[in-house]
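S.K.: build me a model:
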Amino acid sequence: MQAQTSNLFLLEDLGNSTRTRELAKSDLNALHAVAEWINTFVVSPHKDLGRSGSVCPFVPGALERRTFWLAPERIGNRSVQDVVQLMNGYKKRFLDAKPIDADDASHKVIVVVFTDLSADRAKDLFGTVLQQLAVPSYVEDGTLFGPFYVGNEGTAIYNSGFRPFQSPVPFLFVRYGVISDWKFFLNNGDWLNLWAHRFGESGAKALAEELRRMSWPAPAATSAATR
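M.R.: Below is the predicted model:
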């Protein structure tokens, strides 16, 4: 099952009938639904987020750089292996897409929107697919996949009662892992070890800087530890 890797759309492309004329109406509607959710929720602040800034701090920079692409896919009743192959195709397209330079490349992302996939099926399907893809992709290429669908119980880092990963149409994104991802891995020792191996000394410094901004540890604890 080959990825339609030429079928990538910037959000602004969705209003251009010349760019979208070959899309089925249902596929275009699904892309519009995801785009509206991104524009009205993902890039905006939220009172339940537990911090300042947009719901996803990554997305505004990607949109500004025009390195945020949507790709519609139909999978019907295809197998897990078919979807694994499909996502590997999008990962290759992602790795080959410009920009390639490290700093700019960290802002690019491909969102693969499964326009005929129900939210009920998405949970099990995505979970099984990521069991095969997630670790090898991160170790070999430094890429991460993220699942979004209605009913996703993943919570915000700073508020365990806020669930921001529930998109109106199921999708998987692929992007490069970044240093700040350690926040997602704190409760998963295996993934935290993979992160530490990838980012090494620079990761340790970034972690220390973040903890200092949080005023942790308290001054008294610091002085006691250095006596």
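S.K.: is Arg175 within a helix or a strand, and which one?
M.R.: strand 171-176 (DSSP states H and E).
S.K.: one more: Pro72?
M.R.: Using DSSP H and E, Pro72 sits within strand 68-73.
S.K.: wait, doesn't Phe114 sit right on Phe171?
M.R.: Yes: the criterion here is C-beta atoms under 8 Å, and Phe114 meets it with Phe171 at 6.4 Å. In this view, the C-beta of every residue, glycine as well, is placed from N, C-alpha and C.
S.K.: what about stretch 67-87, start to end distance?
M.R.: 18 Å (C-alpha to C-alpha, to the nearest Å).
S.K.: and that stretch, how far out from the chain middle?
M.R.: On the basis of C-alpha atoms, centre = their mean, to the nearest Å, stretch 67-87 sits 15 Å off its chain's mean C-alpha point.
S.K.: who's more crowded, Phe114 and Phe171?
M.R.: Of the pair Phe114 and Phe171, Phe171 is the one with more neighbours under other C-beta atoms under 10 Å, namely 26 against 23.
S.K.: which residue sits closest to the more buried one, ignoring its sequence neighbours?
M.R.: In space, and not counting its chain neighbours, Phe171 is closest to Val113: 4.6 Å by C-beta to C-beta, 6 or more residues apart in numbering.
S.K.: and the helix or strand that the strand holding Arg175 is followed by, which residues are buried?
M.R.: Downstream of strand 171-176, the next assigned helix or strand under DSSP H and E is helix 182-185. Across helix 182-185, burial judged by 16 or more other C-beta atoms under 10 Å covers 182, 184-185.
S.K.: select the longest helix from this structure.
M.R.: Longest helix in the chain by number of residues, with DSSP state H as the criterion: helix 189-213.
S.K.: that one - contacts with which helices or strands?
M.R.: Helix 189-213 sits against helix 119-141, helix 182-185, with contacts defined as 3 or more C-beta pairs under 8 Å, 6 or more residues apart in numbering; DSSP states H and E.
S.K.: so can I have TSV of the ones you listed showing distance to Tyr90 and mean pLDDT?
M.R.: Formatted as TSV, the helices and strands packed on helix 189-213 follow (distance: least, C-beta to C-beta, whole Å; pLDDT from 0 to 100):
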stretch	distance to Tyr90	mean pLDDT
helix 119-141	10	96
helix 182-185	21	90
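S.K.: for these, give me a markdown table that also has distance to Ala97.
M.R.: A markdown table is the format used below for the helices and strands packed on helix 189-213 (distance: least, C-beta to C-beta, whole Å):
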| stretch | distance to Ala97 |
| --- | --- |
| helix 119-141 | 13 |
| helix 182-185 | 24 |
